[in-house]
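*Asks:* Kindly return the folded structure for what I paste below:
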Amino acid sequence: MSDAIFLGSKDAGLEALKAIRASAKERLVKAITFDDRADSRSVLNEFSSYCSEKNIPLSIIEPKNLSIELKAHQGAKVFVIGWYSILQENLLSRNDFFGMHYSPLPKYRGNAPLVWQIINGESEIGLSLFKFSLGIDDGEIVAQKKFPLLNEDDISTVLAKANFYSKEILEEQVKKILNGEVTLTLQDHSKASYCSLRIPEDGKINWNLSAQEIFNFVRAQTTPYPGAFTVNSKGEKIKIIKCEIDNRTIYAPTGAIVERNLNYVTIKCGNGAIKILKAKNSNNETIRTIFPSIKERLL
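*Replies:* Down below sits the predicted model:
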């Protein structure tokens, strides 16, 4: 039976670490993370507390020093969840690396796969545990799961569900991996699709899109992510936190504010309309103050 090493960060990584510990027990010989306290999603303190409680050796390293950290553990199986640096070829030749990718591989290889699945209006969200290779998320599959994307879901609920099912997969598969008992399945590379890196500026809403597309765009990027946003005629940035589709037939230019209510405003889209239920500007004003007039056009 091989030893296990955890490599990662964030909530997803912490939950994965707990699942690996539950399955591997004393065969989990090390956890490795990095100092990500500048990131609002950091749970570094929780990592430290958990590892201390379970007597798991924890190394907080610079990613460039990973090769040195793993040198004494040649042959161990390394489980990667929430590690954002490229693994060099020499590492892959010394250890088997297994990662959890939040997509139904070979679809949505690359960056922010959950966000892209929601933006694209997928009916189901997929997860894949796979063995690393030299390509981008193109290694052999260990196990996969899917769960439905519900109308009331947003990125925060999808993340929570993905973390839950990821933990379930790891609890089922880690011991098999350590014992060499898993069957690996090649990906069908002809069906691959790829996701680009997203930056905050990519969250700008295009009001020419349909109401359904904008609804998906907003919920895919809300808290804990930077969020979808629009710009008013004064050039002020407005973050859209929550919205819903307005199914009424409305005739207006795209981006027009067609209704102002105490609790929402309605914006005309390319096809249909959107009710903005929660928004935020730099002054933290109420929604009626953020959108002061039906003469306003959003850019």
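*Asks:* Now do the same contact list for residue 161.
*Replies:* The contact partners of residue 161, by C-beta atoms under 8 Å, 6 or more residues apart in numbering, come to 125, 147, 153. C-betas here are computed from N, CA, C, even on glycine.
*Asks:* do the same with residue 114
*Replies:* By C-beta under 8 Å, 6+ apart, the contact set of residue 114 is 102, 103, 125, 155, 158, 159, 162, 220.
*Asks:* what do you get if the cut-off is 10 Å, keeping everything else the same?
*Replies:* 102-103, 108, 122, 125-127, 149, 155, 158-159, 161-162, 195, 220, 225 (C-beta atoms under 10 Å, 6 or more residues apart in numbering).
*Asks:* What is the burial count for the spatially closest residue to residue 3 that is not a sequence neighbour?
*Replies:* Excluding the flanking residues, the one nearest residue 3 by C-beta to C-beta, 6 or more residues apart in numbering is residue 76, at 4.1 Å. Counted with other C-beta atoms under 10 Å, residues neighbouring residue 76 total 20.
*Asks:* Just put the contacts of residue 161 in CSV and tack on neighbour count and distance to residue 273.
*Replies:* Shown next, in CSV, are the contacts of residue 161 (neighbours: other C-beta atoms under 10 Å; distance: C-beta to C-beta, whole Å):
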residue, neighbour count, distance to residue 273
125, 24, 27
147, 15, 30
153, 18, 21
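*Asks:* now the residues you listed as CSV including secondary structure and distance to residue 262?
*Replies:* As requested, the contacts of residue 161 are exported to CSV (DSSP: H, G, I helix; E, B strand; the rest coil; distance: C-beta to C-beta, whole Å):
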residue, secondary structure, distance to residue 262
125, strand, 35
147, strand, 36
153, coil, 26
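*Asks:* so, if you compare the contacts of residue 114, which one comes nearest to residue 260?
*Replies:* Nearest to residue 260 among the contacts of residue 114 is residue 220, at 26.0 Å by C-beta to C-beta.
*Asks:* Can you tell me the closest non-neighbouring residue to the closest one?
*Replies:* Closest to residue 220 by C-beta to C-beta, 6+ apart is residue 118, at 3.7 Å.
*Asks:* just checking, the one you found touches residue 151?
*Replies:* No. With contacts counted by C-beta atoms under 10 Å, residue 118 stays clear of residue 151, the gap being 11.5 Å.
*Asks:* who touches both of these two?
*Replies:* With C-beta under 10 Å, 6+ apart, residue 118 and residue 151 have common neighbours 215, 219.
*Asks:* Neighbour count for those two, which is higher?
*Replies:* residue 118 (24 against 9).
*Asks:* give the contact list for the more buried one.
*Replies:* Counted by C-beta under 10 Å, 6+ apart, residue 118 has contacts 112, 125, 149, 153-155, 158, 215-222.
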